[in-house]
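Colleague: give me the fold of what follows.
(one chain, ligands or ions: 1)
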Amino acid sequence: MMRPAAMAPEPALLHAACPVCDAAQDRVLLCLDFLAGVPAGMNLVRCRGCGTERIDPHPSPRCMADHYDDSYYQDGYLPFLARRRADFARRVLELERLAPVLHARRQGRPPRVLDVGAGVGLFVAEAQARGWQATGVEPSAAARRIAARTCSVDLASDWPSARQDLDLVTFWDVLGHVDDPRAALEQARRAVRPGGEVILKIPNFQSSWQRMLGWMSVRRRVNMLHVPTVIWRFHRHGARRLLDQCGFSLQGVRTVREPDLIPLTPRWRLVRRVTALLDAVTDNRQEMILHARAR
Ligand SMILES: [Zn+2]
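Modeller: Sure thing, here's the model as predicted:
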């Protein structure tokens with residue numbers, strides 16, 4: 001009797017092509033295994049076709065799930081919950097001015113939004129508090145438990161079944177972390193109604209603050225690049241191109257400064273002030289928020 005073939009185990013590290021242009025050629029910028037906890041042979045590479053950078057190879061989704069455990073949220077979120085929540089409250093107010101949201105208000109119904117990679121549910125909680133019909137999807141069980149406990153928000157573990165009636169899909173600091181950014185944006189396109197929009201917040205790697213973090217990572221051998229959880233490093237034109245390929249037309253980009261969550265030493269406060277000034281003058285602050293409309 002023949003025995004069924006054993007399932008091959010999923011490799012821990014995966015190679016992937018550039019999600020924007022699929023170009024075959026890359027340039028290795030930096031070998032990353034000098035950083036603690038980073039496997040040998042993991043590189044930061046730049047696509048020769050479009051300039052998008054990525055970690056190669058990157059952890060498989062199953063390995064990545066191990067990074068988003070209780071300690072990830074206990075250490076990175078819970079101490080700063082109030083400040084992060086205030087930040088999301090401001091963002092919800094800003095989104096009230098977007099065309100799809102105004103359209104929903106004119107129709108006398110709540111704006112419908114799905115937050116992808118909702119974390120501990122802060123944005124969903126703030127949107128619900130403003131009367132939005134807000135839901136969130138979050139693959140980490142640890143984050144979902146904390147969301148229920150601290151924000152009284154129930155998050156789904158996976159995308160809801162196909163619907164095309166959402167006004168907005170939001171990705172707050174998420175697109176660089178997902179296994180397949182193109183698939184995520186295509187899913188967002190299927191989920192929004194015609195005229196609905198997607199919101200992306202991603203790091204602005206052209207800013208002097210982000211450049212400083214990269215430089216410090218190399219000089220001090222401290223993992224300020226957030227390897228390996230940040231897989232993809234998009235630049236403005238690459239993000240725009242990917243959005244366009246997934247059925248969205250870019251409506252606007254603005255750069256924003258993140259609030260400081262932890263107290264800084266005097267030297268870092270000075271560095272922070274100087275880089276913030278430079279980035280404000282050149283409108284090149286540390287993060288970018290893009291909004292793009294479904295065609
Ligand atoms: Zn490329």
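Colleague: now do the strands in the stretch 51-200 of the chain.
Modeller: 53-56, 58-59, 112-116, 133-137, 166-172, 192-203 (DSSP state E, counting those that start in this stretch).
Colleague: could you list the paired strands of the fifth one along with their orientation?
Modeller: Strand 166-172 has the following strand partners under DSSP bridges: strand 112-116 (parallel), strand 192-203 (parallel).
Colleague: coming back round to it: redo the strands of the stretch 51-200 of the chain as a markdown table? Include mean neighbour count and distance to the ion.
Modeller: Where you see a C-beta, it was placed from the backbone N, CA and C, and this is true even at glycine. Compiled in a markdown table, the strands of the stretch 51-200 of the chain are given as follows (neighbours: other C-beta atoms under 10 Å; distance: least, C-beta to the ion, whole Å):
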| stretch | mean neighbour count | distance to the ion |
| --- | --- | --- |
| strand 53-56 | 23 | 9 |
| strand 58-59 | 22 | 15 |
| strand 112-116 | 25 | 23 |
| strand 133-137 | 22 | 27 |
| strand 166-172 | 25 | 19 |
| strand 192-203 | 21 | 16 |
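Colleague: can I get these in TSV with mean pLDDT?
Modeller: Putting the strands of the stretch 51-200 of the chain into TSV (pLDDT from 0 to 100) gives the following:
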stretch	mean pLDDT
strand 53-56	95
strand 58-59	92
strand 112-116	98
strand 133-137	97
strand 166-172	98
strand 192-203	96
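Colleague: how about residue 53: what's its closest non-neighbour residue?
Modeller: residue 233 (3.9 Å; C-beta to C-beta, 6 or more residues apart in numbering).
Colleague: also residue 157?
Modeller: Once flanking residues are discounted, residue 157 sits nearest to residue 139: 6.1 Å by C-beta to C-beta, 6+ apart.
Colleague: check residue 200 too.
Modeller: residue 290 (4.6 Å).
Colleague: for that neighbour, grab the count of nearby residues.
Modeller: For residue 290, the tally of surrounding residues (other C-beta atoms under 10 Å) stands at 23.
Colleague: isn't residue 165 up against residue 111?
Modeller: No. Using C-beta atoms under 8 Å, residue 165 makes no contact with residue 111, being 11.3 Å away.
Colleague: these two: which has the busier surroundings?
Modeller: Set side by side, residue 165 and residue 111 show more neighbours around residue 111, with 25 against 10, by other C-beta under 10 Å.
Colleague: how near is the more buried one to residue 175?
Modeller: Distance of residue 111 to residue 175, computed by C-beta to C-beta, to the nearest Å: 22 Å.
Colleague: and if you look at residue 44?
Modeller: According to C-beta to C-beta, residue 44 and residue 175 sit 17 Å apart.
Colleague: residue 294 too?
Modeller: Distance, residue 294 to residue 175, by C-beta to C-beta: 17 Å.
Colleague: per-residue confidence for residue 9?
Modeller: If you check residue 9, the pLDDT there is 66.
Colleague: can you tell me the strand partners of the strand or helix carrying the residue nearest to residue 200 and which way each runs?
Modeller: Secondary structure from DSSP states H and E places residue 290 in strand 287-294. Counting by DSSP bridges, the strands paired with strand 287-294 are strand 192-203 (antiparallel), strand 248-256 (antiparallel).
Colleague: how would you label whichever residue of the stretch 101-250 of the chain sits closest to the ion: helix, strand or coil?
Modeller: Closest residue of the stretch 101-250 of the chain to the ion, C-beta to the ion: residue 238 (6.7 Å). Three-state assignment for residue 238 (DSSP: H, G, I helix; E, B strand; the rest coil): helix.
Colleague: tally of neighbours for it?
Modeller: When neighbours are counted by other C-beta under 10 Å, residue 238 comes out with 21.
Colleague: now do residue 173
Modeller: Neighbourhood size, residue 173 [other C-beta under 10 Å]: 15.
Colleague: for it, which residues are in contact?
Modeller: 117, 201-203, 287 (C-beta atoms under 8 Å, 6 or more residues apart in numbering).
Colleague: go with 10 Å
Modeller: Each residue near residue 173 by C-beta atoms under 10 Å, 6 or more residues apart in numbering is listed here: 117, 119, 200-203, 230, 258, 287.
Colleague: name the nearest residue to the residue nearest the centre of the chain, sequence neighbours excluded.
Modeller: Nearest residue to the geometric centre of the chain (C-alpha atoms, centre = their mean): residue 174, 1.8 Å. Distances taken as C-beta to C-beta, 6+ apart place residue 117 nearest to residue 174, at 3.4 Å, with adjacent residues excluded.
Colleague: what does residue 217 give?
Modeller: Per C-beta to C-beta, 6+ apart, closest to residue 217 is residue 224, 4.4 Å.
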